[in-house]
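sequence unknown, structure follows:
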């Protein structure tokens, strides 16, 4: 882990433990703390200028999410990416967000549609740029915003909070595969979701969402063949997934 001092990132007025969890989770997800790296409780304590107790609490929370593993007498290590956890997260997100898209398409709000179109424009501009590392990271942020906006519009903010914990392993794959990110394809998939909602077609909106969320598994199988050492568990079998019944942009 980096030896740089990060004391300015912690607000002593808030929960130190929660802030550490958020910071460390983001670093693991963005691969700044790669699989297998040893994480020292003492070093984290010094870097962030906090006592070891909130660091210990943060490690426990991250271990519950499958992001670190605490090995007695050996230390704490960043976990490999669990393929089962990625598939489980995709399954949960597809079920929940597919229903959210269906709900929103029953009686779409004009303000929501305007906001989603605005977000699509911002995404499209990135697809036409140089797609630098910064651009790809920015698109992933906009992708999260898109999905969170849908959840909040459906009045399901709590579900999004739940999914943020569930989808950690899925997000790790997104960042690992960012260099091969096909932004234009993903924007087309987002557009299909919005079109389904705007057309008041719940089935189209749901299928478009399900197709979009399956894209990560296709990217995962490619990356797993290149760097199998950072993954844990059996390969995802795309052939066992139930088929989508509508013809949608791929």
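Here it is on my side, so go on. Quantities reported herein were computed from a predicted structural model and do not represent experimental measurements.

Need the contact partners of whichever strand or helix holds residue 121.
Here residue 121, judged by DSSP states H and E, is contained in helix 110-127. Helix 110-127 is contacted by residues 104, 135, 138-139, 142-143, 145-146, 149-150, 153, 183-184, 186-187, 190-191, 194, 197-198 when judged by CB atoms under 8 Å, 6 or more residues apart in numbering. In short, each C-beta sits where N, CA and C put it, glycine included.

And stretch 71-87, by the same measure?
Residues from elsewhere that reach stretch 71-87 (CB under 8 Å, 6+ apart): 28, 33-41, 59, 63, 66-70, 168-170, 172-173, 176, 216-217, 220, 224, 229-236.

Then stretch 89-96?
156, 159, 163, 166-170, 209-210, 213-214, 216-217.

my guess is residue 199 meets residue 106, correct?
No: with contact defined as CB atoms under 8 Å, residue 199 does not reach residue 106; the gap is 11.6 Å.

what about the helix or strand hosting residue 185, average pLDDT?
If you go by DSSP H and E, residue 185 is part of helix 183-198. In this model, helix 183-198 has a mean pLDDT of 95.

Following it in sequence, what is the next regular element?
Criterion used, DSSP H and E; the element after helix 183-198 is helix 202-226.

Give me the angle between that following helix and helix 183-198.
Counting by axes from the mean of the first three to the mean of the last three CA atoms, to 10 degrees, helix 202-226 points 160 degrees away from the direction of helix 183-198.

quick one: strands adjacent to the next helix or strand after helix 202-226?
Next along the chain after helix 202-226, taking DSSP H and E as the criterion, comes strand 231-232. Strand 231-232 has the following strand partners under DSSP bridges: strand 81-82 (parallel).

I'd like the distance from the strand it pairs with to the chain centre, please.
Relative to its parent chain, strand 81-82 has a centroid offset of 13 Å by CA atoms, centre = their mean, to the nearest Å.
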